[in-house]
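Undergrad: Output the structure for:
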Amino acid sequence: MKTALLDQRADYLGITGSVLCIIHCLITPVAVMTSTLLDHDTLRFGFLSLDYLFIGVNIVAVWSASRHTSRPIRLALWSFLTLFALGLLLEDISPSAEYVAYAASLGLVFTHLANIRYCRTHHAH
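TA: Predicted coordinates:
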């Protein structure tokens, strides 16, 4: 029963996770720079640990959504997820990786929306 519910809501979970990640990534630098009350290293570690949470949420969402969809959408979901995870994990090494994560997150949102439309027209869920 829980798996069926997750399968039905996987795209909405993925969209929510990706949008929250974009908001988080836009707000984090401002919060770290403007915070004078907390230790910057502690605050930075707390905000960056959310990256792993977003990766985990999106893995669950993509896995659930890709089980009942077409091959092109499945390929797009897993490709954007891979780029998203690599972008977040490598953002300290390369500044351009942050932009890859933004683009992949938007790609996940649009691909989940496409999957919702596909599932409505093909009754996959």
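Undergrad: Counting neighbours, what do you get for residue 68?
TA: Residue 68: 17 surrounding residues under other C-beta atoms under 10 Å. (C-beta placed from N, C-alpha, C; glycine too.)
Undergrad: May I have the predicted confidence score for it?
TA: pLDDT for residue 68: 83.
Undergrad: what about it, which SS state?
TA: The three-state assignment at residue 68 reads coil, by DSSP: H, G, I helix; E, B strand; the rest coil.
Undergrad: Now for the most centrally placed residue in the chain: which residues touch it?
TA: Centroid-nearest residue in the chain, with C-alpha atoms, centre = their mean: residue 18, separated by 3.6 Å. Going by C-beta atoms under 8 Å, 6 or more residues apart in numbering, residue 18 touches 54, 58, 84, 105, 106, 108, 109, 112.
Undergrad: Can you list which of these are found in strands?
TA: Assigned to strands by DSSP state E, none of the contacts of residue 18 qualify.
Undergrad: are any of these buried, and which?
TA: Buried members of the contacts of residue 18, counted by 16 or more other C-beta atoms under 10 Å: 54, 58, 84, 105, 108, 109, 112.
Undergrad: Thank you kindly, that will do.
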